[in-house]
Structure formats: C-alpha cells, structure tokens
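1. quick one, fold the following:
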Amino acid sequence: MPARRTHLAPETAHGALAAALEALRDKNDVVDEFPPDVVAEAERVPAPRPDLDLRDVPFVTLDPAESRDLDQAFHIERTESGFTLRYAIADVPGVVAPGGALDAEARRRGQTLYLPDGSVPLHPRVLSEDRASLLPGVDRSAYVWTIPVDASGAAAFEGGAAAPAHVERALIRSREKLAYATAQVTLDAGEATGALALLPEFAQLRITQERERGGASLNMADEEVVRDDGGYRIVRRFPLPVEEWNSQLSLLTGMFAGRLMLDAGVGILRTMPAPDAKGLAEFHGRVQALGVPWRDGISYGEYLREVPRDTPQGAAILHAASSLFRGADYVAFGAGASGGSDAVPKQPEQAAIAAPYAHVTAPLRRLVDRWGLVICEALSAGEPIPAWALASLAEVPALMRSSTGLAGRLGSAALDRVEAALVRDRAGEVFPAVVIEAQGASARVQITDPPITTRCPDPEAVLVAGTVTQVRVRRADVAKGDVELELAPQAAG
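-> Okay, here's the model as predicted:
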C-alpha cells in the first residue's frame, strides 16, 4: 500500500505547532543537550579494540536512509546444513564506563526519544552517530552473535539440528550502509548480492518458524511525523517487506539472548503476558461482527497474517487486536535482581513472539541492552558476569518502565498536536473516515488524508466498525492537540 503524505502550509499552522512542540518538551523536562562533563567523557573515551578480528567478514547495515545511529550490522552465509547469521551490535559497554558521567546520564534518559522536531538521543551524538556507530568503512568494536540455523530455519536453542550459537566481542568493519527503500528496489529487481541477497530466504524461514511456534505480528501501518522545508507532515504506511525481513534478524538474536539468560538463571527479559480467555472471546466476537471471522483450527498469529491490512475491516481488526498486545514489561532475575529473589520468572515469554526474549540489539538507543550484552557475552564464554552489571541489574526494569512511559506519552501527545495542525485551518470541511471502533455514543475513526485518528461523537450510535463514514472538522486546538469532529449530515442521517 503506498504511503499517504499530507503537507502542512507553514504560513498557517507551522508556527503554532513549533510552539506547541517546544511547550511539550518543556513540560516534560526533555532536553537535547548534554551536560559538559558528559560530552567531555564521550569525546575522550578511547575506542575499544578487542583481540578477535572479524574485519574480513563483509558486514552491512540496513536502516532508514537518514539514520546515523547504526546499532546493527549483519552477514548471512549459506552452509551445507542451512545458514549462519552473524549479527554485530555496537559495543556501547566498551565506551560507557560504569559509574561515570555518561552512565549516569544514560540511566536518567533511558532511551532515545523520537519527536517531530528532532530526536533526543540516549547518548551524545559524538558516540551514537559517530564513534560507537557501525558506520561503513571504519573499524568498530562490536558484540558479534553467531547463530547457525538448519535447513528449516531453526536454531539449536529452538530444538533445531544447527550448531550451537555464541556471542563474542570482535573488531569489525561494515562494508556498506544500506537503506530500506533502495534495498527493496534492488531485491525486487533481482540485483542484490552478498548478505542482502540471502536476507529474504533466511527471513522467510524464520517467519515460518514464528508461525509454527504461534508467534503473532500486528504489522499495523506506521504513522511517522516528518519535518521538511514545507513544514510537518504525517506519513502513514505499512513496512516494506525488507523491513520485516530485517526485523527477523533482531528477533532471532533476542530469542537466543533470552534463552541464554534463562538457562543460566540470571539476566533481564522483555516479557508480555498472553491474552486472557475473556479478551480472546471479545476479539472473536468483534471480528465475527466485522465479517472476517476467526476460522477454526488456526492460531491467533495465523489469523492476523490473513487479515487484509489495507481495507476498512482490516484497519478495525488490527486496532482491536492491539488491545490484546498489552502488559509488556522488563523482568530482572538472578543475583538478587528480583527484590532479593534469584528465581527465574514464572511467565518468561513475550507472548507476541511466543518465546523468551531479551533486548540486546539496540544499545545506542536503549539503556537495557547494555546489560543484556555484557551478561550474554560472559555466559557464552563461561566467564563471570561483570560485577557492575550484577550490582545494578535490579534497577534497570524501573528505569526502562519510566523512560518507556515517557516515550509513549510524548509520542502520542506530539502526534495529536501535528494532527491538529494539519486541520487547524480546515474547519467545516468534510472527510471520509474508516470507523475502527464503535462504542456507544462515540467512535474511533481514522481519516485517510490528512492521516488523523481520533474520536468522533456518535449520539445516535449509527456507526459500525469496519465501515467508511463522513466526518466534519469542527475545530482544532494545536496547543492542546485536540481535534473536534462531528458526523457529516449524510453520515448521521
């Protein structure tokens, strides 16, 4: 489905939106700049140079074209029994000294924040976009995960016939910075070479494994706020296939990390409970009413894969399904990490993945990955876990919950303000909208162009989820991020 783009005229609402976004940052104490001592430490820290040299492996990175904070580089090799994935992750533990100014500031921030008027990085950009980033053509220290899979795509830790996986620090050199859009074009034209050429086949095997273990993916449309010379716009699009294939590399690595930690009885997992029986029953009823019933004999994940994503019914189903993907958390265990208990979690799985899982692949942008990397490297090598990681492990879940909550609130509030700016000067206009949820006297609707999702009063309860209606903009308050809609006469009558 093509991306839908809407431009915002700068002479009308651009100034009001800039002021609203600045006020949002001020209200939440979000500051881009780093204290001088943090910047000084980032600039002087020496680059780590591990003994293992893997610069002969032709790693490449695959990210949005504009990205410079490159956490991951990959290489895929075909073997007699399947494939071997080598996944290199930026060596942030090697440049952030425990107990230093960089460490303290990173713990305060928790993760990189993404806002319409610019990102707020976890680490100073001299590290995240330069000295620690896996940029092409330069030597970098990295945590290299080597994960063989058999002909079915299964790794040994999943019960496959592949050789065991391991992780180790090594010196690498990425050969090329690939971008999603151009990589997709290259693949579609049959012109890809090297690791990129093998990515679709490798990823499809992993998607089959995901299906067989009962994993599920919503694959909802992304809503990204983009700023350019014309102002701000919202791009609503579904991920390219190459993006979904690339995500399978990170998922496999995180699953191996989770299994490694559970087997050792120490670590930190990303967990999410499975939907309860009541929630699933309600979902069954809603999709039945939408005319796309859940067929007997197929799993939840398989049903979601069959949903036609770019239809009104599909939008409503995916919105309903999102209510089941809740309760994600971080759980630390071992070494007294869980309030003095060494017990592993009773429910260690991430339900959408249908397996234990850990965050270890984005340390430039996420605090928790630093702990996962050093713990897994030590466990893989049979060496003691660094004392600093064990001593502070119990603190990490709370730090991540706080930063994740802030990121969610900021992202939602910023999107609301951009949406309001897109229609501030269009009061009285009528727009087609998909009804994605109908609840009594109001409904949640999704306008296609400009891309806006908000609530609309439905006093007569005439709206039906999965259908198209007509709504009129009554008013929009950019400062508060409020868009007030009403049903157009033909829709209400």
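
2. which stretches of this protein have low pLDDT?
-> When residues are selected by pLDDT under 70, those of the chain lie in 1-13, 229-230, 336-342, 491-493.

3. make it 90
-> Within the chain, the ranges that satisfy pLDDT under 90 run 1-16, 18, 116-118, 214-239, 274-326, 335-346, 439-440, 448-451, 461, 489-493.

4. show me how it divides into domains.
-> Domain assignment of the chain by automatic domain parsing yields the ranges 4-273+327-419, 279-320, 427-492.

5. ok, and the closest non-adjacent residue to residue 258?
-> In space, and not counting its chain neighbours, residue 258 is closest to residue 356: 3.5 Å by Cβ to Cβ, 6 or more residues apart in numbering. In short, each C-beta sits where N, CA and C put it, glycine included.

6. I'd say the one you found and residue 263 touch.
-> No. If you go by Cβ atoms under 8 Å, residue 356 and residue 263 don't touch, sitting 9.7 Å apart.

7. these two: which is more packed in?
-> residue 356 (26 against 13; other Cβ atoms under 10 Å).

8. next up, phi/psi of the more buried one, please.
-> Backbone torsions for residue 356, taken as degrees, to the nearest 10, come to phi -60, psi 150.

9. which ones are touching it?
-> 255, 258, 259, 261, 262, 269, 348, 349, 350 (Cβ atoms under 8 Å, 6 or more residues apart in numbering).

10. ok, back up a step: kindly provide the distance from the residue nearest to residue 258 to residue 98.
-> Here the criterion is Cβ to Cβ, to the nearest Å. By it, residue 356 lies 26 Å from residue 98.

11. and what of residue 158?
-> 33 Å.

12. more neighbours, these two?
-> residue 158 (19 against 16).

13. neighbours around the residue nearest to the more buried one when sequence neighbours are not counted, how many?
-> Leaving aside its chain neighbours, residue 158 sits nearest to residue 209 (7.0 Å; criterion: Cβ to Cβ, 6+ apart). The local packing of residue 209 (other Cβ under 10 Å) involves 23 other residues.

14. so what touches whichever strand or helix holds residue 209?
-> In this structure, residue 209 sits in helix 194-213 according to DSSP states H and E. Residues from elsewhere that reach helix 194-213, judged by Cβ under 8 Å, 6+ apart: 58-60, 62, 74-78, 83, 85, 149, 152-154, 158, 178, 183, 186-187, 192, 217, 241-242, 244-246, 248-249, 251-252, 299, 301-302, 305, 353-355.

15. go through it and flag the buried ones.
-> 195-196, 198-199, 202-203, 205-207, 209-212 (16 or more other Cβ atoms under 10 Å).

16. what do you get for stretch 107-114?
-> So for stretch 107-114, counting by 16+ other Cβ under 10 Å, buried means 107, 109, 110, 111, 112, 113, 114.

17. could you do stretch 347-357 as well?
-> Buried residues in stretch 347-357 (16+ other Cβ under 10 Å): 348, 349, 350, 351, 352, 353, 354, 355, 356, 357.

18. could I get it in CSV with only the CA atoms?
-> As requested, C-alpha coordinates have been extracted for stretch 347-357 and formatted as CSV (Å, rounded to 0.1, in the frame of the first residue of the first chain):
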residue,chain,number,x,y,z
GLN,A,347,6.0,-16.4,32.9
PRO,A,348,9.2,-15.7,30.9
GLU,A,349,7.7,-15.4,27.4
GLN,A,350,7.0,-12.4,25.2
ALA,A,351,3.5,-13.6,24.1
ALA,A,352,3.6,-11.9,20.6
ILE,A,353,6.9,-13.6,19.9
ALA,A,354,5.8,-16.9,21.6
ALA,A,355,9.2,-17.3,23.2
PRO,A,356,11.5,-15.9,25.9
TYR,A,357,13.1,-12.7,24.5
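
19. how far does stretch 156-163 stretch from start to finish?
-> Stretch 156-163 stretches 6 Å from its first residue to its last (Cα to Cα, to the nearest Å).

20. distance from that stretch to the middle of the chain?
-> Relative to its chain's centre, stretch 156-163 lies at 27 Å (Cα atoms, centre = their mean, to the nearest Å).

21. do stretch 228-243 as well
-> 15 Å.

22. span of that stretch from start to end?
-> 23 Å.

23. give me the neighbour count for the closest residue to residue 474 other than its chain neighbours.
-> Distances taken as Cβ to Cβ, 6+ apart place residue 484 nearest to residue 474, at 4.4 Å, with adjacent residues excluded. Residue 484 has 17 neighbours, counted by other Cβ under 10 Å.

24. name the residues of the helix or strand that residue 484 is a member of that are buried.
-> Using DSSP H and E, residue 484 sits in strand 482-487. Buried residues in strand 482-487, counted by 16+ other Cβ under 10 Å: 483, 484, 485, 486, 487.

25. next one: it to chain centre, how far?
-> 30 Å.

26. quick one: list the elements packing against that strand.
-> Contacts defined by 3 or more Cβ pairs under 8 Å, 6 or more residues apart in numbering; DSSP states H and E place strand 482-487 against helix 396-423, strand 452-457, strand 468-477.

27. strand partners (parallel or antiparallel) of it?
-> strand 468-477 (antiparallel) (DSSP bridges).
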